[in-house]
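[1] I would like to see how this sequence folds:
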Amino acid sequence: MFSDALRASRSFYLSREALHLPIEITGHVCHSGIFHTMREVKVKGVSELCTLDSDSESQILQSESASVSQRCSSLNVQSTPEIEKKYVHHVYDAIAPHFSSTRFAKWPKVANFLSSLPAGSLVLDAGCGNGKYLGFNPDCLSIGCDISAPLIKVCADRGHEVLVADALVLPYRTGFGDAAISIAVLHHLSTESRRKKAIEELVRVVKKGGLVLITVWAVEQEDKALVSRWTPLTEKYGEEWIGPSSPRVRSPSSRTLESIPETEDRILGDNEKDSNQSSVQTLQQMPSQNKGITRASDDIKDTNNQQEYFVPWHLPYHRAEVNGASACAVANGLAKKDDKKGAVVYNRYYHVFSEGELERLVSGMDDAVIVDRFFDKSNWCIVLEKTL
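    The predicted structure is shown next:
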């Protein structure tokens, strides 16, 4: 165990000085001490910072008060909204092995970016998923992180150097890497301030002159049939944003929508033969929630102004992941059964980006410039260069 830890430590070139926080290394997986539950960021002393009494305030210099306010605001941005916990974090934890089995093809534009980096570059992959881009360029050292511990386990089992971390609080010192990538991550963040903070973190952790590649799903999807399977979020789902750390105001929608039946036959696959009969029986005994579902008319499915969606993921009954957790998710309404497809259906939260939206998030940054932008495979993409 000690030799594994030492080897992982050397491979990372990590030290206490390299990271913001103490790191516990187990094999190839590093768990930052700050991420107790891997879901919430806990900062010592935050209550004192955010609840200064009037007597104390009178004794604090104006500059210090401004600093406190800024830190409190930052903590609010970093605190994970309920919709992300339920419909991003919990979902990917539940579907990790099945999701990983469908994620192996490399996007040409991402591959070209990684191949263009100089030999010896340290590449940070924030939101690495199953690690399909880790080690793509054998001349570079790649380190990945993701909020999903099960996906990080997939990476670690493949021998990658990875850690569990939040994209809004990357556990690397400033200027640590030569390049960073964020592939299909920002669209899972539910507020503009959180999306902007994630970009700022990517820029922070690279050196001056370092490059950052960011890709996000676009509103302008090339496969319109695919979009028809998504569920637009309207007033019906407003309560999902309400929570102690959730945004209080959402743009109202004039549309109303019933649940839409989701069918992603290509996700299920015909070659999966493994089974878990007890899990199937458990789920089949539960009442199906798919009966009586109606499809919305095409005029309701106007995607021009719609950017918030639930995108389904079908987890087949016979997959090993379909266990007590999936049955519990169905019982709690966080997933539903589709007996016709023989799958548990999870909804994933997405904010799809409009043209120019990524650029607007970067426009106020004084330490990075856009050096490239493009549209690729229904994704908006930008490349940033750190200037300070």
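
[2] any idea which element residue 84 lies in?
    helix 82-84 (DSSP states H and E).

[3] what is the mean pLDDT for that helix?
    Across helix 82-84, pLDDT averages out at 96.

[4] please enumerate residues in contact with the helix or strand harbouring residue 151?
    Secondary-structure assignment from DSSP H and E places residue 151 in helix 149-157. Around helix 149-157, the neighbours that count as contacts under CB atoms under 8 Å, 6 or more residues apart in numbering are 27-29, 38, 92-93, 96-97, 99-100, 128-131, 134, 144-146, 162-164. C-betas here are computed from N, CA, C, even on glycine.

[5] distance check, residue 363 against residue 370.
    9 Å (CB to CB, to the nearest Å).

[6] ok, the two, which is more surrounded?
    residue 370 (15 against 9; other CB atoms under 10 Å).

[7] can you confirm the more buried one is in a strand?
    Yes. Residue 370: assigned to a strand according to DSSP: H, G, I helix; E, B strand; the rest coil.

[8] list the contacts of the residue nearest to residue 193 when sequence neighbours are not counted.
    Nearest residue to residue 193, sequence neighbours excluded (CB to CB, 6 or more residues apart in numbering): residue 77, at 4.9 Å. Applying CB under 8 Å, 6+ apart to residue 77 gives the contacts 168, 191, 193-194, 197.

[9] if we go to 7 Å?
    For residue 77, the contact set (CB atoms under 7 Å, 6 or more residues apart in numbering) comprises 168, 193-194, 197.

[10] list just the nearest of those residues to residue 333.
    Proximity of the contacts of residue 77 to residue 333 (CB to CB) peaks at residue 194, which lies at 24.8 Å.

[11] host element of the residue nearest to the closest one when sequence neighbours are not counted?
    Nearest non-adjacent residue to residue 194, counting by CB to CB, 6+ apart: residue 77, 5.8 Å away. Using DSSP H and E, residue 77 sits within helix 62-78.

[12] what is the mean pLDDT for that helix?
    56.

[13] now swap in stretch 97-114 and tell me
    With pLDDT averaged residue by residue, stretch 97-114 scores 96.

[14] pull out the buried residues from that stretch.
    97-100, 107, 109-110, 113-114 (16 or more other CB atoms under 10 Å).

[15] ends of that stretch, what's the gap?
    Distance across stretch 97-114, first residue to last, is 25 Å (CA to CA, to the nearest Å).

[16] in the protein, where's the longest strand?
    strand 206-217 (DSSP state E).

[17] which secondary structure elements does that one sit against?
    Contacts defined by 3 or more CB pairs under 7 Å, 6 or more residues apart in numbering; DSSP states H and E place strand 206-217 against strand 177-183, helix 192-204, strand 379-386.

[18] all helices for this structure, in order.
    Per DSSP state H, the chain carries helices over the ranges 2-12, 46-50, 54-58, 62-78, 82-84, 90-101, 108-115, 149-157, 192-204, 224-227, 265-268, 277-284, 324-331, 357-362.
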